[in-house]
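# sharing a sequence plus its predicted fold:
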Protein chains: 2
Amino acid sequence: MGKRTHYAGDITESLIGEKVRLKGWAQTRRDLGQVIFIDLRDRSGIVQIVANPEISADALETADSVRSEYVLEIYGTVVQRDEETYNEKIPTGTVEIRVEQIDILNTSKPLPFQIDSNQEISEDVRLKYRYLDLRREEMRETIKLRNRVTKIIRDYMDDNEFVDIETPMLTKSTPEGARDYLVPSRVHKGEFYALPQSPQLFKQLLMVSGFERYYQIVRCFRDEDLRADRQPEFTQLDIEASFLETEEFLPMIEELMKKTVKEVLGKDVETPFPRMTYEDAMNRYGSDKPDTRFGLELTELSHIVGNSDFKVFAQAVKNGGIVKGLNVKGAAPKMSRKEIDELADFAAIYGAKGLAWLRVEEDMLRGPIAKFFTEEETEQIKSAMDAEPGDLLFFGADKKEVVYATMGALRLKFGKDFEMIDESKYNFLWVTEFPLVEYDDNSKRYTAMHHPFTSPLKEDAHKLDSEPENVRAEAYDIVLNGYEIGGGSQRIYKKDMQQSMFKALGFSQEEAQEQFGFLLDAFEFGTPPHGGIALGLDRFVMILAGRDNLRDTIAFPKTASASDPLTGAPGAVSEQQLKELHLKLAIAKKEEQTK
Amino acid sequence: MGKRTHYAGDITESLIGEKVRLKGWAQTRRDLGQVIFIDLRDRSGIVQIVANPEISADALETADSVRSEYVLEIYGTVVQRDEETYNEKIPTGTVEIRVEQIDILNTSKPLPFQIDSNQEISEDVRLKYRYLDLRREEMRETIKLRNRVTKIIRDYMDDNEFVDIETPMLTKSTPEGARDYLVPSRVHKGEFYALPQSPQLFKQLLMVSGFERYYQIVRCFRDEDLRADRQPEFTQLDIEASFLETEEFLPMIEELMKKTVKEVLGKDVETPFPRMTYEDAMNRYGSDKPDTRFGLELTELSHIVGNSDFKVFAQAVKNGGIVKGLNVKGAAPKMSRKEIDELADFAAIYGAKGLAWLRVEEDMLRGPIAKFFTEEETEQIKSAMDAEPGDLLFFGADKKEVVYATMGALRLKFGKDFEMIDESKYNFLWVTEFPLVEYDDNSKRYTAMHHPFTSPLKEDAHKLDSEPENVRAEAYDIVLNGYEIGGGSQRIYKKDMQQSMFKALGFSQEEAQEQFGFLLDAFEFGTPPHGGIALGLDRFVMILAGRDNLRDTIAFPKTASASDPLTGAPGAVSEQQLKELHLKLAIAKKEEQTK
């Protein structure tokens, strides 16, 4: 037993002849009778060790008892391999270690899955045995990449004089936004803390304090029903700065992104990033987070077909909706009628009641709806959509929101299906000029599109009281390859404007004071102009690592039902614990028993 | 309005003649009629600006309306001050800015307290207006120091190839240790997550995964009744490493501490740190976290006075207790009889039933108990305690625990009261060889002194089943100036030993499996030898910043009743929220109404 001299991945020809001591795992073992080969793995990589009776009979005997994933300490000499046994797949492939001593530090049962294979493993098994799943190289590399990304971010923020300040995890529940995770208080009967959905209010208070530049890589929580790309707890890079105009702030974020992509992937990203208004993004891509790695933009057709004989189109426009077209170049011969018809089901997911389409042929448009259009309309459609023979045209006609959602999703689907996307690209984009508020049909009131602390654009601010729906926000989302990886804004920093905003959102003055009184109070004591951004670290890492599941970027993630198959969280707690928290379960006894 | 060109604190003579644009707060304003001086403060410091009618009548008019803490943007020229007005207290004290333009970016009401004074402000007011409290220089500097400390730590950990890995905040409640904060699950009826008291199990699982070197600066939670030096949420530097012996691991931590103290305070700390066994620490200092910046060690007297005529001493020894003495050199003339008698009340806090004492005079010991000792005993006491005329001797006689607690606390009190402590020292110390378990009189069973995953010392491991109380742990606490700033250990990494440990702690096999099954399972799949440490960041920063309250190191701390006067957390939540969580309050209706 002794001190490790080297990592496995560092054993190369420069060490030939040297005695080394390694510690790691037996990844594979091949027994050739009088010779046993073991691939020894540690955090750095793999090296082959060889035991034979000429070197040490003891070591050979121990090697004989080694099984996969045993933990070993080995001592031996680095030698050149026979040239015909070179393994070009690994950096240590031209050498091996002739072992004089092997100590088994720990044993292992056979694993539930092999860690060096690419076999498909069910998500449940992977999560239950997460500690083994994390032994797989792609998982290990993703977690290490995440570490590199956070280090690059921290160095950059530090170089730019941002101060890393921790904000509370046990804070107050507010009814705005998503559902809070609550934490019952033992000391304060019947009261609860809430886990933060973001440190928004605290970082604004830090600006009131005069720190001027704050950042934090911070855990946030949302108790919402999960999708593949959501986790109940997630990590964001949270930034806030005082006295910086948007035009001063955005370039700082661009430099950070550029630096990260360069250092992690070796790729150059051009700055400044392109910008697109929200309106433009919706119009052209049907999405506020367009993937600009490919074209396939939507075409506005309302003015052309709004009076046509095709009732679906005419009616949509008459009801205040729109008609948008999508020209999938050259797709006509590639898609069968059946495949086209099946797209209606896809469109239905997004609320569309059907999906109209036309094939472009040499001298005509062909398809079930072709007959409804006059020659002039047909020509105008072709011209607007740049239609050429072989193209396949799709149409969405409905309320704006439905058309955007449907045609935006179809665009992405075609982009992927027809391999229009250049996967080597890292396309950053700022989406700007979001509406400040949107009308919520359920609650019959306006809700903040970002959050209630977002400042209106200066030129729209005067409309906040009279026509809030027409006020654009001084907000910006950052989009990478069609993912929204962050969003930010200049903030309201004057009390009267913040009060107007709460009023626009339907808060009474009492409600506003009750919930956000401390912020309104703070605004009275010399609050500087400020703004900031929050970037989703998990998603950013996911894109950089080339993964398509957020869970792969998190060491111990939750399932879609917010549980952890490894530890069994969440779980039952004792009566005593509930009593101390002044709580009772509101579950029928019978229900409880059958659980 | 324009872009800031400089920070206030950077305006020095090298800029004389230059036009500058600053943004910040009006700290003070002095109106001399036709000239107005304003101290402009930003994150970097303070600079004086001067408005007069010869430069700009507009600026003077605006300056006239400025009040304390208004947010200003100013534009002007840097000039030399008249020599008789130099302010040597600030780096910018030889210059001032003649302002051509002042824009008021925001106003301020009069503050509830002045931020540039040293007036005593009540903790409640400070916390309610934390955003103003944080404007005070000492608070700002403490938070910035914390930022520097974490950056130094991260750089060091990164340089040493530790990987920063995030572990879950929503995890499973375990009955071991302190009380968990619970988070009810909406999806899983009647079940709860727990906020982590530490990422102990997850970091051990990461070692099973083969990351080998992990660290995290991580929020942890304990729902315990708070003392001045406790917070419900606190931050620890959490470290774990595989394949490193204690003798390889501790020097890494020592280097980190040395580097941090050097970079933050410019002070040199010697390595390796001194070490002391737990037994030695208790014997000599009555504490497992001795402040070694001064002597005043306890003297063992049981063998001298165990058979004396003084019943209190004799009885204590007879009952298995001990007698310890403390010689406060030269204190006899400094303390009145009344002051000495009052110390009995202090001793009572620690469970002592009284406090015996003796003054050392030229030829005798004088005091109420002197008469009980024979001449020989008196000489032996004097000799053992190195007593000289003018010394004041104190004695504790009781059960070990009571004597240690009392005499240890008295030692610290005298050290402070008589200014024996060299405040310029940073004395690190490792305390080692802790008992693995201690007997808990309440639950009538053994509990883990650190936690149930701590490995026994190799040479004591064979006693784990038969006499666990005599097993020493391979554990080490790190102590700085009498504060425990961290604790760590080698961990158990074999399933059978972990099972023995659970058995020693009174777990049935089923209980162990139910609560920690996933760890026991993991130990079967090739777990490497590993160990680690957790350091309390809040406390470490507190010592480095020379503060004596943990709250000063935390931007938004909680009060002693775990509430936040700023946001009002915790607070009531809606019926709807409770319903979604399948909970009812267990509070009598009447009680609820009168809240």
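Everything's here; your move.

# quick check: the gap between the nearest residue to residue A:564 once chain neighbours are set aside and residue A:218.
Counting by Cβ to Cβ, 6 or more residues apart in numbering or on different chains, residue A:558 is the residue found nearest to residue A:564 once chain neighbours are left out, at 5.7 Å. For every residue, glycine as well, the C-beta is placed using N, CA and C. Between residue A:558 and residue A:218 the computed distance is 18 Å (Cβ to Cβ, to the nearest Å).

# where does chain A have its least confident helix or strand?
Within chain A, confidence by mean pLDDT, DSSP states H and E is lowest for helix A:589-593 among all helices and strands, at a mean of 54.

# wait, doesn't the residue nearest to residue A:564 sit right on residue A:230?
No - the criterion here is Cβ atoms under 8 Å, and residue A:558 misses it with residue A:230 at 9.7 Å.

# which one of those two has more residues nearby?
Remark: of residue A:558 and residue A:230, residue A:558 carries more neighbours, 22 against 16, as counted by other Cβ atoms under 10 Å in any protein chain shown.

# Three-state assignment for the more buried one, please.
coil (DSSP: H, G, I helix; E, B strand; the rest coil).

# pop the domain breakdown of chain A in here.
A:8-106, A:119-274+A:529-584, A:294-421 (the TED database).

# any chance of these in TSV, plus mean pLDDT?
As requested, those are exported to TSV (pLDDT from 0 to 100):
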stretch	mean pLDDT
domain A:8-106	96
domain A:119-274+A:529-584	95
domain A:294-421	96
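
# tell me the most buried of these?
Mean neighbours per residue, mean count of other Cβ atoms under 10 Å in any protein chain shown, is largest over the domains of chain A for domain A:119-274+A:529-584, with a mean of 20.

# in which helix or strand does the residue of the stretch 251-400 of chain A found nearest chain B reside?
Nearest to chain B in the stretch 251-400 of chain A, going by Cβ to the nearest Cβ, is residue A:251, at a distance of 11.9 Å. Secondary structure from DSSP states H and E places residue A:251 in helix A:246-265.

# could I get that helix in PDB with only the CA atoms?
The C-alpha trace of helix A:246-265 is given here as PDB (Å, rounded to 0.1, in the frame of the first residue of the first chain):
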ATOM      1  CA  THR A 246     -29.000  47.400 -22.200                       C
ATOM      2  CA  GLU A 247     -26.400  48.300 -24.900                       C
ATOM      3  CA  GLU A 248     -23.600  48.200 -22.400                       C
ATOM      4  CA  PHE A 249     -24.900  45.000 -20.700                       C
ATOM      5  CA  LEU A 250     -25.600  42.700 -23.600                       C
ATOM      6  CA  PRO A 251     -22.100  42.800 -25.000                       C
ATOM      7  CA  MET A 252     -20.800  41.500 -21.600                       C
ATOM      8  CA  ILE A 253     -23.100  38.500 -21.900                       C
ATOM      9  CA  GLU A 254     -22.100  38.000 -25.500                       C
ATOM     10  CA  GLU A 255     -18.400  37.900 -24.500                       C
ATOM     11  CA  LEU A 256     -19.100  35.400 -21.800                       C
ATOM     12  CA  MET A 257     -20.900  33.100 -24.200                       C
ATOM     13  CA  LYS A 258     -18.200  33.500 -26.900                       C
ATOM     14  CA  LYS A 259     -15.500  32.800 -24.300                       C
ATOM     15  CA  THR A 260     -17.300  29.700 -23.000                       C
ATOM     16  CA  VAL A 261     -18.000  28.200 -26.400                       C
ATOM     17  CA  LYS A 262     -14.400  28.900 -27.400                       C
ATOM     18  CA  GLU A 263     -12.800  27.300 -24.300                       C
ATOM     19  CA  VAL A 264     -15.200  24.400 -24.100                       C
ATOM     20  CA  LEU A 265     -15.600  23.500 -27.800                       C
END
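
# which element follows it toward the C-terminus?
That would be, after helix A:246-265 and using DSSP H and E, strand A:275-277.

# quick one: strands adjacent to that next one?
strand A:428-432 (parallel) (DSSP bridges).

# can you give the distance from the partner strand to the centre of its chain?
Centroid displacement of strand A:428-432 relative to its chain, using Cα atoms, centre = their mean, to the nearest Å, is 16 Å.

# neighbouring contacts of the longest helix seen in chain A?
Ranked by residue count under DSSP state H, the longest helix found in chain A is helix A:137-159. Outside helix A:137-159, the residues that touch it by Cβ atoms under 8 Å, 6 or more residues apart in numbering or on different chains are A:43, A:116, A:133-134, A:164, A:215, A:217, A:237, A:239, A:255-256, A:259-260, A:263-264, A:537, A:540-541, A:544-545, A:547, A:552-553, A:555, B:151, B:154, B:158, B:163-165, B:209-211.

# and for stretch A:564-579?
By Cβ under 8 Å, 6+ apart, stretch A:564-579 touches A:124, A:127-131, A:556, A:558-559, A:562-563, A:584-585, B:168, B:170-173, B:175, B:179-180, B:182-183, B:185, B:188, B:190-194, B:201, B:205, B:518, B:586.

# same thing but 7 Å
Contacts to stretch A:564-579, defined as Cβ atoms under 7 Å, 6 or more residues apart in numbering or on different chains, come from residues A:124, A:127-128, A:130, A:556, A:558-559, A:563, A:584, B:168, B:170-173, B:182, B:185, B:188, B:190-193, B:518.

# that one: end-to-end distance?
One end of stretch A:564-579 to the other measures 26 Å (Cα to Cα, to the nearest Å).

# repeat that for stretch A:463-476.
End-to-end for stretch A:463-476, by Cα to Cα: 20 Å.
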